[in-house]
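Engineer: below is the sequence, then the predicted model.
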Amino acid sequence: MPLANFTNLDFDQVKTTLTDYIQSNSNFTDYDFQGSNLSTIIDLLAYNTYITSYNANMVTNEVFIDSATLRENIISLARNIGYVPRSKKAARAVISFTVNTTNIIPTPATLTLKAGPVAGTSGSFGNSSYIFSILEDISVPVRDGVAEFNNITIYEGTLLTSNFTFNSRDVNQKFILPNAGIDTDLISVKVKTNESSTAAASYKLQDSLFDINSSSNVYYIQEVEDERYQIFFGDGIFGKSLKDGNFIPINYIITNGDSANGVNSFTFSGRLTYIRNAETYTVTSGISLITTELSSSGGEVIESTDSIKKFAPRIYASQNRCLTANDYETLIPSRIYPETESISVFGGEEVIPPQYGKVFISIKPKSGDFIPNLIKENIKLKLKKYAVAGIVPEILDLKYLFLEIDSKVYYNSNLAPSAEYISSIIQNNANKYAESSEMNKYGARFKYSKFLKIIDDSQDAVTSNITTVNMRRDLRVQINTWAEYTIGFGNAFHIRSMNGYNIKSSAFRVNGIANADVYISDIPNVNRITGSLFLFTIPAINSATPTIVKRNVGNINYVSGIITLNPINIQSGMMKDGQTTIEIGVIPSSNDVIGLQDLYLQLDISSSTFEMVVDEIASGLDPSASNYLVSSSYSNGALVRSGGRTQ
């Protein structure tokens, strides 16, 4: 008798398998399985087999981190390889306020802002109200009747305290914080000899067994069920152990994560006190309005299961060391700088010219475009315990490679209420693609054919589109200073004409050419690989009669996509984000543009055009196509970029 397969997860197929198995018995050869009572028994057996197979399949899936679906199982598997998922992160803001104490009796010498709630959102923010707190008391002196609380960092959430008493006789004792939504970076753990003791030792979070000994005041943490956290202490070898009767107060903040990002208006809701003659007084008057120094930012949701599945095996593979680019790309966002949205790492041997012994790191933070210098230094300092000696990390500022689209969209006027209606739909869909995960990361690729399909599928009236792609880099310059500039696009350039004018720039002024806006362009060499740069002027922005005023001001490599300006003294240019900038635009050799190394690809919809053109053939206006309007598939236009010099 052949071996029957009882592991199928389809009920009908399980029933058929059981029926075939029974029919193979000679006692049931001519038995009517459909109309007999035995059919009910077979249904029960099939149902039982189905449930058993399903449970076996689910249990097997939950054993492996790649296939597990329940968060508790995923974090348990991640824990086995030493990975602690990131918790929620509280949004933080910086505020200042003053307190006028001239009318307060008795007169205070110092004022103390008590730990806990300090400020709330003014009215509501995003249809929700939020409380911002501090972890520790803050005391300031009173000078000339005024107490100044300057640059106080506040955290969104409610400050809570859980108290535990260690008992060595309780072998199952666990220190589990009872609330979900905790920011583990804001946990404060202290240990007292007993509950009545006034002295307390502060304990610090430790994520490894290095650099600690039997007397180190450290604690460990792990996520348990329902997104709660369990605190562990040392065993007398790796960290100081607890003793019977030790009292453990743990302060922590429960936060709403990223929903409180962007708050810039606060009202005071804290508690101010002072002590005179051993008596505590509360201050409720003389408190100024709160000044917001920095709006709230940095709030994050708890690490998703997909992220845990991605990073836990990679952290285990790296073994807490940075040897390869992948190690850096794993450890920095997971262990060093969780605010990383996207990261690109490459060795110094890959740059031109090579810089051996260096590793270059470019980070796109979740909020803003650039990482402050202080955070850069902190990242490099923390990398020292992971990186190989002799390898110098360099953190580069974010470099955008902008894509600008020029699209002529043909449409059937009989199927659309108006050209503006279709144009708005197309721009909305294009903007969604620009904000998608395909674009907003290092190593992203603009997929030309997919983008054309997005335009064509935007509305039934669209019949076709002729779309060209241009790349742009914004060159930030130092005014009134002789300097050499190099800017890379990471993609090869298309040479439209051997007569030159393949690249376009915005207007700027240079030393030695008085009272004239100049532009940069190029002349290719006969090898079609390199070329030289020159400066020229034009009488009007759309003029086709340029005048070259200075030759050989730099060189261009069309294959590597690198433009180099020889030492030049730039006096003014376009102002962008408070920086003097020259926009440089080129046509890519391939319409599938890639964000290479430290270039962050960005589809700039605001600088793109979507021109609606009536398809007279599809609309029935010109069936013979004698007056059909043809759009060029090759980018032409003016010799320079519009916008001009704004400085």
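Structural biologist: Thanks, I have the structure now.

Engineer: and the strands in the stretch 401-550 of the chain, which stretches?
Structural biologist: Ranges of strands within the stretch 401-550 of the chain are 462-476, 482-488, 504-505, 509-510, 519-524, 530-537, 547-557, based on DSSP state E, counting those that start in this stretch.

Engineer: ranking the ones you listed by burial, who's on top?
Structural biologist: Greatest average neighbour count among these goes to strand 504-505 (a mean of 24), per mean count of other CB atoms under 10 Å. For the C-beta atoms, the positions are set from N, CA and C on the backbone; glycine is no exception.

Engineer: partner strands of it and their direction?
Structural biologist: Paired neighbours of strand 504-505 in the sheet (DSSP bridges): strand 579-586 (antiparallel).

Engineer: next secondary structure element downstream of the partner strand?
Structural biologist: strand 599-603 (DSSP states H and E).

Engineer: how deep is Asn251 tucked in, by neighbour count?
Structural biologist: Look at Asn251: counted by other CB atoms under 10 Å, it has 17 neighbours.

Engineer: please read the previous query as pertaining to Ala78.
Structural biologist: Ala78, neighbours per other CB under 10 Å, totals 25.

Engineer: ok, now which ones touch it?
Structural biologist: 65, 84-85, 308, 312 (CB atoms under 8 Å, 6 or more residues apart in numbering).

Engineer: likewise Phe233?
Structural biologist: 175, 203, 218-220, 239-242.

Engineer: between the strands of the stretch 401-550 of the chain, which one is nearest to Ser424?
Structural biologist: strand 462-476 (12.9 Å; CB to CB).

Engineer: which secondary structure elements does that closest one contact?
Structural biologist: On a contact count with 3 or more CB pairs under 8 Å, 6 or more residues apart in numbering; DSSP states H and E, strand 462-476 meets strand 399-411, helix 448-456, strand 482-488, strand 579-586.

Engineer: contact partners of the second one?
Structural biologist: The list of residues contacting helix 448-456 from outside it, by CB under 8 Å, 6+ apart, reads 405, 407, 409, 426, 429-430, 433, 462, 464-465, 467, 469, 591-592, 610.

Engineer: now the two most distant members of these.
Structural biologist: Top of the distance list for those (CB to CB): Val462 and Asp592, 22.0 Å.

Engineer: output the strands of the stretch 401-550 of the chain in a markdown table; the columns should cover distance to Ser619.
Structural biologist: Putting the strands of the stretch 401-550 of the chain into a markdown table (distance: least, CB to CB, whole Å) gives the following:
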| stretch | distance to Ser619 |
| --- | --- |
| strand 462-476 | 9 |
| strand 482-488 | 45 |
| strand 504-505 | 35 |
| strand 509-510 | 49 |
| strand 519-524 | 40 |
| strand 530-537 | 43 |
| strand 547-557 | 44 |
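
Engineer: quick one on the thing from earlier: narrow the contacts of Ala78 to those that are buried.
Structural biologist: Taking 16 or more other CB atoms under 10 Å as the criterion, what is buried in those is 65, 84-85, 308, 312.

Engineer: could you list which of those belong to helices?
Structural biologist: 308, 312 (DSSP state H).

Engineer: which two of the buried ones among the contacts of Ala78 have the greatest separation?
Structural biologist: Ile65 and Val84, at 14.3 Å, using CB to CB across the buried ones among the contacts of Ala78.
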